[in-house]
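>>> Turn this into a model:
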Amino acid sequence: MDDDRSTPTTADDDPAARREAERARRDREKAERAAQKEAERARRDAEQARRQAEKDERDARRAAERRERERARADAERAKEDEQRRREREREAADAAREAARALREAEQADRAAALARRRAVREAEKARRQAERADPDVATPPDLADLPPDLAVLWRGSAPARRGPRPGLSLEQIADAGIALADAEGLEAVSMARLAESLGFTTMSLYRYVTSKDEVLMLMADRAAGRPPHVGPEVGGWRERTELLLELQRPVLAAHPWLARTTSTIFAVGPNRLAWMDAMLACLEDTRLTEPEKLSVVGVLSSHQLDWARLIDAYTVRERAAGDDEPADPDAVIARLVDPATQPALARAVAGGALDPAAAPPGPTGTGLDFGTRVILDGIAALVERRAQD
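Coordinates of the predicted model:
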């Protein structure tokens, strides 16, 4: 029996199907190419974005480096300017310190010259007084030396008369003068029994016939260098004018003999000259209503301050000599250099206000050459005198 069913057709046999398949294939290839192009464009955009980001990062880094270099250069310039200003200030301070030191040396030389002249005059006056005492039958007898320590007794013991002949003896005045000359020239440490004997042209053992120790020599030197005070009576003025005059007369002596402020012998050397100065100072207060203990305390305070002043001047002088020309010896200049307004505001204001300038020292109301501390003490004494007068 014949099979009447027809044979199915395929796409290859159907032109329409074949065209549809071809179109689908082309669309698929077109879509694939479009996707590839899109992917390529996205890749190129990403690469471009990456390069732009790297470029922006490099530009930002270079800009930051440039700003850092500029800041470092500005900091270096500021530091250089600050260092230059600091060096200028230090140079100006050093110049000012050297100028002040030069002026101080000149003033000290003038003070020493005046002190030497005054010492010669005092010695002449003392010589005349001793001659007058020898000629005066009513001259006071020396005090009883039995209970005095040996180093004080020597101040009141008269020198033995010089022996006649080619080798006359020594006097205590000669020994004291030789010690003063040594101390003035080389300092107190240069004074020894051997050096004294050598300067006097005697042996050390022969020197011990007149003094028993260096302490006795120092006592003699301290009292001898002080000299005798002049008469300062009411004709000079009131208690303050008289006291100021005596204090001013002591200044050149202390300046000429700086070792007086270093040795404790100055405190304990209660000899004729020391008592004469104490009596002269007390006499200035005789017309005030201060009690006798108050008067003696006033004299003690003023005398102590005089020695403190002399110690300060001597310390400045010694440090100045020890320091080189390139290093300011004045502690005030060092303070001005080191003070920090952030941590020492009060001191910084004082420095800025010229408190450490030697020319800015408070002037004396009476035109005297006394230091500020002495004038303050005298002002306090004046207030006490006034208070006692109103009691």
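
>>> For R311, grab the count of nearby residues.
15 (other CB atoms under 10 Å). C-beta: built from backbone N, CA, C; applies to glycine.

>>> pLDDT score assigned to it?
Among the per-residue scores, R311 holds a pLDDT of 83.

>>> quick one: contacts for it?
Listed by CB atoms under 8 Å, 6 or more residues apart in numbering, the contact partners of R311 are A261, R262.

>>> Where does the prediction get shaky in the stretch 151-300 of the chain?
151, 158-168, 265-266 (pLDDT under 70).

>>> List of residues touching stretch 176-186?
Stretch 176-186 is touched from outside by 190-191, 195-196, 199-200, 217-218, 220-221, 223-225, 256-257, 259, with contacts defined as CB under 8 Å, 6+ apart.

>>> so which of these is the most crowded?
Most neighbours among the contacts of stretch 176-186, by other CB under 10 Å: M221, with 28 neighbours.

>>> Now that residue. Nearest residue, chain neighbours left out?
G179 (4.4 Å; CB to CB, 6 or more residues apart in numbering).

>>> before we move on, the earlier item: can you pick out the most distant pair from the contacts of stretch 176-186?
Using CB to CB, the pair of these lying farthest apart is L200 and A256, separated by 21.3 Å.

>>> Please put the alpha-carbon coordinates of stretch 72-86 into PDB.
The C-alpha trace of stretch 72-86 is given here as PDB (Å, rounded to 0.1, in the frame of the first residue of the first chain):
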ATOM      1  CA  ALA A  72      60.100  75.300  54.600                       C
ATOM      2  CA  ARG A  73      61.800  78.200  52.700                       C
ATOM      3  CA  ALA A  74      59.700  80.700  54.500                       C
ATOM      4  CA  ASP A  75      60.500  79.100  57.800                       C
ATOM      5  CA  ALA A  76      64.200  79.000  57.000                       C
ATOM      6  CA  GLU A  77      64.000  82.700  56.100                       C
ATOM      7  CA  ARG A  78      62.200  83.600  59.300                       C
ATOM      8  CA  ALA A  79      64.600  81.500  61.300                       C
ATOM      9  CA  LYS A  80      67.500  83.300  59.600                       C
ATOM     10  CA  GLU A  81      66.000  86.700  60.300                       C
ATOM     11  CA  ASP A  82      65.300  85.700  63.900                       C
ATOM     12  CA  GLU A  83      68.900  84.500  64.300                       C
ATOM     13  CA  GLN A  84      70.200  87.700  62.700                       C
ATOM     14  CA  ARG A  85      68.100  89.800  65.100                       C
ATOM     15  CA  ARG A  86      69.200  87.700  68.100                       C
END
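
>>> Backbone dihedrals for the residue nearest to M221, both of them.
Backbone torsions of G179, given as degrees, to the nearest 10, read phi -60, psi -40.

>>> for W156, same thing?
In terms of degrees, to the nearest 10, the main-chain angles of W156 are phi -110, psi 0.

>>> Hmm, it is touching P149, no?
No - W156 lies out of contact with P149 (CB atoms under 8 Å); the separation is 11.3 Å.

>>> More neighbours: which of the two?
Looking at W156 and P149 with other CB under 10 Å, you find the greater number of neighbours at W156, namely 16 against 12.

>>> quick one: that one from L148, how far?
As judged by CB to CB, to the nearest Å, W156 and L148 stand 7 Å apart.

>>> starting at the chain centroid, how far to the host helix or strand of A181?
Element membership of A181, judged by DSSP states H and E, is helix 172-186. Distance, stretch centre to chain centre, for helix 172-186: 31 Å (CA atoms, centre = their mean, to the nearest Å).

>>> got the CA coordinates for that helix in PDB?
C-alpha atoms of helix 172-186 as PDB (Å, rounded to 0.1, in the frame of the first residue of the first chain):
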ATOM      1  CA  LEU A 172     103.100  98.100 113.400                       C
ATOM      2  CA  GLU A 173     102.100 100.900 111.000                       C
ATOM      3  CA  GLN A 174     104.900  99.800 108.600                       C
ATOM      4  CA  ILE A 175     103.700  96.100 108.800                       C
ATOM      5  CA  ALA A 176     100.100  97.200 108.200                       C
ATOM      6  CA  ASP A 177     101.100  99.400 105.200                       C
ATOM      7  CA  ALA A 178     103.100  96.600 103.600                       C
ATOM      8  CA  GLY A 179     100.100  94.200 104.000                       C
ATOM      9  CA  ILE A 180      97.800  96.800 102.500                       C
ATOM     10  CA  ALA A 181     100.100  97.300  99.500                       C
ATOM     11  CA  LEU A 182     100.300  93.500  98.900                       C
ATOM     12  CA  ALA A 183      96.500  93.100  99.200                       C
ATOM     13  CA  ASP A 184      95.800  96.100  96.900                       C
ATOM     14  CA  ALA A 185      98.200  94.800  94.200                       C
ATOM     15  CA  GLU A 186      97.700  91.000  94.300                       C
END
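
>>> Alright, that wraps it up for me.
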